[in-house]
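# Take this sequence and fold it.
(one chain, ligands or ions: 1)
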Amino acid sequence: MMLSFDNTERAFAHKSNLDLAKAYRLFQTFSYPFLVSQGPKLANFALILGLPIKGIIKKTIFHQFCGGESIAESASSAKELYENGIGAILDYSVEGEGSPEDFKDTYEELVRVINESANKPEYPFAVFKCTGISDFSSLEKKSNQEELSETESREYVVFKERLRSLCELASVKKTKLLIDAEETWIQKAIDDGAYENMSIFNRDEAVVYNTVQLYRKGRIEEIANQIKVARDQGYKLGFKLVRGAYMEKETARASELGYKNPIQDSKEDTDRDYDAALQLCFDNKDVVSIMAGTHNETSSYKLAQLLEENNIDKSDDRFWFAQLYGMSDHISFNLAHAGFNVAKYLPYGPVKEVLPYLSRRAQENSSVKGQAGRELSLINDEIKRRKSK
Ligand SMILES: Cc1cc2nc3c(=O)[nH]c(=O)nc-3n(C[C@H](O)[C@H](O)[C@H](O)COP(=O)(O)OP(=O)(O)OC[C@H]3O[C@@H](n4cnc5c(N)ncnc54)[C@H](O)[C@@H]3O)c2cc1C
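Below is the predicted model of the structure:
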């Protein structure tokens, strides 16, 4: 196949020399464990004290991984992506304290995101996390089929209403809506809500997408089961397939509470199931739409290959690739150039509120062997290529 992720000229065409040098320095700093572990805490403290560091954060790590502090401020990053054939998924990345007011504020912001995304090809999807609009403990109790207190029950009803109205709005506005996956001990309640809404709003095509984490054991059976139910009841499924982001937390909790770790025994097992899930969904494409949410080159090739070998139009709306803004541009930009549907999560929110998100990106990029090493060497290749011209 002609597709290659090696073309750094294409991957970084949207970055000036200065931007590339800044990105290189940033990814290099992620190799200092002290900065990665303490940086966000110090930054938060400094912001609370009113020290003038917001500008520095905004020009560095925030600039790399976020679109802006608001939807309006993120528009120029979305435009730049769109000019390169890539959609943006506005991701309101504020992690509140978890009060009913926070849930209401986040819900209202999500309504704005869906309205903003409506009829705009530059925003093909909207996204949210259920913990942004619901109390964590009621999702946990619901997942365990435990009794909710009176207050929790009332709030849970509000959560379900808001979930329903977000899905309905997405359906009316013709914006596809992704529901992120979270910790296993709250996921059952999220899944139930997602499939319930799919059965209502995905009658003709996938509008609501649920996320499946293939680092969990037994997810292939779960996907197969959902396909059977959707076929029987006559609705379409949207699946965002990811490996999963909470591995350490899951493993630590399972060991602390003494239950069997729900995470696969090895990275190879996760990789095997991820690619098997792509295949299974592809084989059932008459009812399933797929988003491959991954920075893994092999899995991205796999889906691209499936489409090419089966003569499926690359712009068929049932197949999407997605990466996070500021990461794996070599995958996103080369896939888009080859004509595939690609979108990037574009996180946004006030600098102070998105620090936890930025902290996770720093941690994820801190192992020089892994993602950071790859980003650094790609940026380095492109800097060298430009110098040698
Ligand atoms: C667009 C997009 C949306 C996302 N949405 C979500 C979401 O809703 N929920 C969510 O949880 N995550 C989400 N993620 C994050 C995702 O789950 C992964 O953490 C991240 O993308 C890294 O995995 P990878 O497929 O890119 O590839 P790789 O870098 O090849 O894989 C790394 C992943 O493999 C798994 N892994 C690593 N070591 C082991 C091991 N020893 N045993 C078993 N498994 C192992 C872990 O999941 C790890 O994150 C999203 C990512 C993207 C790009």
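# C-alpha only now, for contacts and for neighbours.
Fine.
# Point out where the stretch 1-150 of the chain drops to low pLDDT.
Filtered on pLDDT under 70, the stretch 1-150 of the chain yields the residue ranges 1, 35, 45-47, 49, 51-52, 96.
# what's the spacing between the residue in it that the ligand sits nearest to and residue 135?
When scored by CA to the nearest ligand atom, the stretch 1-150 of the chain has residue 129 as its residue closest to the ligand, at 7.7 Å. According to CA to CA, to the nearest Å, residue 129 and residue 135 sit 11 Å apart.
# neighbouring contacts of the helix ranked longest in the chain?
Assignment by DSSP state H gives helix 150-173 as the longest helix of the chain. Applying CA atoms under 8 Å, 6 or more residues apart in numbering, the external contacts of helix 150-173 come out as 107, 110-111, 114-115, 118-119, 133-135, 138, 176-177, 193, 197, 201, 207-208.
# by contact count, what packs against the helix or strand following it?
Next helix or strand after helix 150-173 toward the C-terminus (DSSP states H and E): strand 176-179. With contacts defined as 3 or more CA pairs under 8 Å, 6 or more residues apart in numbering; DSSP states H and E, strand 176-179 has these neighbours: strand 125-128, helix 150-173, strand 208-213.
# strands paired with the shortest one, and their directions?
Strand 125-128 pairs in its sheet with strand 86-92 (parallel), strand 176-179 (parallel), by DSSP bridges.
# Reformat the ones you listed as JSON lines; add distance to the ligand.
JSON lines is the format used below for the strands paired with strand 125-128 (distance: least, CA to the nearest ligand atom, whole Å):
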{"stretch": "strand 86-92", "distance to the ligand": "9"}
{"stretch": "strand 176-179", "distance to the ligand": "7"}
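# Look through the stretch 51-200 of the chain and state the residue closest to the ligand.
Taking CA to the nearest ligand atom, the stretch 51-200 of the chain has residue 180 as its residue nearest the ligand, at 3.3 Å.
# Skip the chain neighbours and tell me the closest residue to that residue.
Nearest residue to residue 180 in three dimensions, chain neighbours excluded: residue 129, at 5.1 Å (CA to CA, 6 or more residues apart in numbering).
# quick one on the thing from earlier: what count of nearby residues applies to the residue of the stretch 1-150 of the chain closest to the ligand?
By the criterion of other CA atoms under 10 Å, residue 129 has 18 neighbours.
# Can you tell me which of the strands paired with strand 125-128 is most buried?
strand 86-92 (a mean of 27; mean count of other CA atoms under 10 Å).
# Now that strand - C-alpha only, CSV.
Output in CSV follows, covering the C-alpha atoms of strand 86-92 (Å, rounded to 0.1, in the frame of the first residue of the first chain):
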residue,chain,number,x,y,z
ILE,A,86,-8.4,16.9,9.5
GLY,A,87,-11.5,17.5,11.7
ALA,A,88,-11.4,18.9,15.2
ILE,A,89,-13.3,17.4,18.2
LEU,A,90,-13.8,20.1,20.7
ASP,A,91,-12.9,18.5,24.1
TYR,A,92,-13.9,20.6,27.1
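# quick check: mean pLDDT across the one helix or strand residue 241 maps to?
Assigned by DSSP H and E, residue 241 belongs to strand 237-242. Mean per-residue pLDDT for strand 237-242: 98.
# What mean pLDDT does the helix or strand just after it get?
Next helix or strand after strand 237-242 toward the C-terminus (DSSP H and E): helix 247-257. Averaging pLDDT along helix 247-257 yields 96.
# ok, and for helix 247-257, which residues are buried?
Residues of helix 247-257 classed as buried by neighbour count (16 or more other CA atoms under 10 Å): 247, 250.
# again with stretch 72-87
Buried-residue list, stretch 72-87, by 16+ other CA under 10 Å: 74, 75, 77, 78, 79, 81, 82, 84, 85, 86, 87.
# Out of these, which two sit at the greatest distance?
Pairwise distances across the buried residues of stretch 72-87 peak at 16.8 Å for 74 and 85 (criterion: CA to CA).
# thinking again about what came up before, what lines up beside the strand holding residue 241 in the sheet?
strand 208-213 (parallel), strand 288-293 (parallel).
# Just the C-alphas of the first one, formatted as CSV.
As requested, C-alpha coordinates have been extracted for strand 208-213 and formatted as CSV (Å, rounded to 0.1, in the frame of the first residue of the first chain):
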residue,chain,number,x,y,z
VAL,A,208,-23.9,8.3,19.5
TYR,A,209,-20.6,6.4,19.8
ASN,A,210,-19.6,4.5,22.9
THR,A,211,-15.9,3.8,23.7
VAL,A,212,-14.5,0.3,24.2
GLN,A,213,-11.1,-0.1,26.0
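# of all the residues in the stretch 51-200 of the chain, which ones are close to the ligand?
180, 181, 182 (CA under 6 Å from any ligand atom).
# related to what we said a few turns ago, got CSV for the strands paired with strand 125-128, with distance to residue 384 too?
Below are those laid out as CSV (distance: least, CA to CA, whole Å):
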stretch, distance to residue 384
strand 86-92, 26
strand 176-179, 38
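# for these, which one sits closest to residue 380?
strand 86-92 (23.4 Å).
# coming back round to it: got a winner among the residues of the stretch 51-200 of the chain next to the ligand for most neighbours?
Neighbour max across these (other CA under 10 Å) = residue 181, 25 neighbours.
# In three-state terms, label that residue for me.
With DSSP: H, G, I helix; E, B strand; the rest coil as the basis, residue 181 sits in coil.
# what are the phi and psi angles of it?
phi -100, psi 150 (degrees, to the nearest 10).
# For it, list the residues it contacts.
Contacts for residue 181 (CA under 8 Å, 6+ apart) come out as 129, 187, 190, 210, 211, 212, 213.
# so the residue nearest to residue 180 sits right up against residue 177, yeah?
No - assessed by CA atoms under 8 Å, residue 129 is found out of contact with residue 177, at 10.9 Å.
# tell me the domain ranges of the chain?
Using automatic domain parsing, the domains assigned to the chain come out as 1-66+355-389, 67-348.
# distance between the ends of the longest one?
The first residue of domain 67-348 is 5 Å away from its last residue (CA to CA).
# got the residues of the stretch 251-389 of the chain near the ligand?
Within the stretch 251-389 of the chain, the positions near the ligand by CA under 6 Å from any ligand atom are 264-267, 270, 293-296, 322-324, 345.
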